[in-house]
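Peer 1: everything below, folded, please.
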Amino acid sequence: MEQISKRLMNWASILDPGTREQAEKAARMPFIYPHLALMPDAHLGKGATVGSVIPTLGAIIPAAVGVDIGCGMIAVRTQFTLDDFRDRPLAPLRVAIENAVPLSAGKYNTRLTDTARDRVEALTRGAAKAGFEPGRYAGNWELQLGTLGSGNHFIEVTLDETGRVWLFLHSGSRGVGNKIAQKHIRVAYEQCARRWIALPDPDLAYLVEGEDEFWHYIREMRWAQEFAWLNREEMMDRVVDCVAEWTGREVERREVVNCHHNYTEQETHFGKKVWLSRKGAINAEEGRAGLIPGSMGTASYVVAGKGNRLALNSSPHGAGREYSRSAARRAFDRDDLRKAMVGIEYRDTDAFIDEIPAAYKDIDVVMRDAADLVEVRHTLRQIVNVKGD
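Peer 2: Numbering: from 1, shown residues only. So this is what the prediction gives:
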């Protein structure tokens, strides 16, 4: 761990100057307490660094939560082993998953499944309790539940170190969550401008606790976090059904882990109750289960938190990008991607070049940097990868 300043602790051994500067700006905000914790996967983000843990007193920075509110991961350990999948073509399973879960930005369901309907009803009740109508943000929000999105979101079938089969996916609150976030980021900027507050970055605009705008954001953000949680559950139900049909056997869910990595909740740290925003970080309280994915061609990890106080009980959420998407497309081509994905069933397309594993930090380095934050329980390696364009 490196103490960059009194208000900035860093666990990233791979840290470019721009990311460091961005984190230093956020750490200087007057309401940070006790300090900002920079995770091993840290890289440039919107206003606040992705891979940072930001505790605030009396204020909250909507951009520090992020535009994909509640984004996170879910994993299910099944009863299957490699022997159950050996010598069987995996392409039909991949295609079945691609047909069961709408992929890519702007894609959504055409109807509600029975399981989605129950979850939508719960979300509708939650929105009424929060005092807002999600249809104002996205008229089709109900049909977005159970959809993956694009970018680094994925669905995978993986094997752990003993050959047991895990189902693993990564997604968040989709378009409705993005619009909620964008609206409140704009409100925060307007509030700071009205008060003539000079910000080191416009995306560090904040809302003040006690004011209506603050609580409007908290209520809608919490709803979006619940949407993201249920979205992952809904997709996992569909993936489980695909595996059951492909194997001809019912899937047993022997272990389930579901965790956010873009979210805010109230926690107590160093004697004070703070609003703790984890932007690209997971809760790593002592003994708490979590998930840290690598990239579409590298290992992922099921972990248990070590409860590191200086890290604010947090750990990284993944590998973290080293190349921007445009830079990755300039540096790599489809043949490079094919070489990186040898032995993994995936959709062979130019669309995923910017998701090539080499565009990300070395996950082995990230996990070494996180050695005092989490304990590795299982190492997962994918045999099937599903992504949206």
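Peer 1: using the three-state scheme, assign Val382.
Peer 2: No, residue 382 isn't Val; it's Gln. Judged by DSSP: H, G, I helix; E, B strand; the rest coil, the three-state class of Gln382 is strand.
Peer 1: what's the burial count for Tyr360?
Peer 2: Neighbour count for Tyr360, taken as other C-beta atoms under 10 Å: 25. Yep, even glycine has a C-beta here, placed from its N, CA and C like the rest.
Peer 1: any idea how far the closest residue to it other than its chain neighbours is from Glu161?
Peer 2: The shortest distance from Tyr360 to any non-neighbouring residue, by C-beta to C-beta, 6 or more residues apart in numbering, is to Ala319 (3.9 Å). According to C-beta to C-beta, to the nearest Å, Ala319 and Glu161 sit 19 Å apart.
Peer 1: returning to that earlier point: isn't the residue nearest to Tyr360 up against Ala42?
Peer 2: No: look at Ala319 against Ala42 with C-beta atoms under 8 Å: they stay out of range, at 11.1 Å.
Peer 1: in the stretch 101-250 of the chain, where is pLDDT below threshold?
Peer 2: Of all residues in the stretch 101-250 of the chain, none has pLDDT under 70.
Peer 1: so for Ala319 and Glu161, which residue has more residues nearby?
Peer 2: The neighbour comparison of Ala319 against Glu161 (other C-beta under 10 Å) goes to Ala319, with 29 against 12.
Peer 1: so the residue of the chain positioned farthest from its centre, which state does it fall into?
Peer 2: Largest separation from the mean C-alpha position in the chain: Trp196, at 33.7 Å (C-alpha atoms, centre = their mean). Recorded secondary structure, Trp196: coil (three-state DSSP).
Peer 1: again, but for Ser277
Peer 2: Three-state call for Ser277 (three-state DSSP): strand.
Peer 1: again, but for Ser315
Peer 2: With three-state DSSP as the basis, Ser315 sits in strand.
Peer 1: and it, how many neighbours does it have?
Peer 2: By other C-beta under 10 Å, the residues close to Ser315 number 33.
Peer 1: from Gln79, how far out is it?
Peer 2: From Ser315 across to Gln79, the span is 29 Å (C-beta to C-beta).
Peer 1: which parts of the stretch 1-150 of the chain are strands?
Peer 2: Along the stretch 1-150 of the chain, counting by DSSP state E, counting those that start in this stretch, strands occupy 2-5, 8-10, 36-43, 50-56, 59-60, 72-81.
Peer 1: give me the neighbour count for the nearest residue to Ile14 once chain neighbours are set aside.
Peer 2: Nearest non-adjacent residue to Ile14, counting by C-beta to C-beta, 6+ apart: Lys361, 5.2 Å away. Other residues near Lys361 come to 26 when the count uses other C-beta under 10 Å.
Peer 1: correct me, but Lys361 touches Tyr323?
Peer 2: No: under the criterion of C-beta under 8 Å, Lys361 is not in contact with Tyr323, lying 9.9 Å apart.
Peer 1: angles on the backbone of the residue nearest to Tyr360, please.
Peer 2: Here the main-chain torsion angles of Ala319 (degrees, to the nearest 10) amount to phi -80, psi -40.
Peer 1: wait, what's in contact with it?
Peer 2: Asp41, Pro293, Gly294, Ser295, Thr298, Tyr360, Lys361, Asp362, Ile363, Val366 (C-beta atoms under 8 Å, 6 or more residues apart in numbering).
Peer 1: so can I have a markdown table of those showing secondary structure?
Peer 2: Converted to a markdown table, these look like this (three-state DSSP):
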| residue | secondary structure |
| --- | --- |
| Asp41 | strand |
| Pro293 | coil |
| Gly294 | coil |
| Ser295 | coil |
| Thr298 | coil |
| Tyr360 | strand |
| Lys361 | coil |
| Asp362 | coil |
| Ile363 | helix |
| Val366 | helix |
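Peer 1: does Ala188 belong to a helix, a strand or coil?
Peer 2: helix.
Peer 1: pretty sure it contacts Ala205?
Peer 2: Yes: taking contacts as C-beta under 8 Å, Ala188 lies within contact range of Ala205: 3.9 Å.
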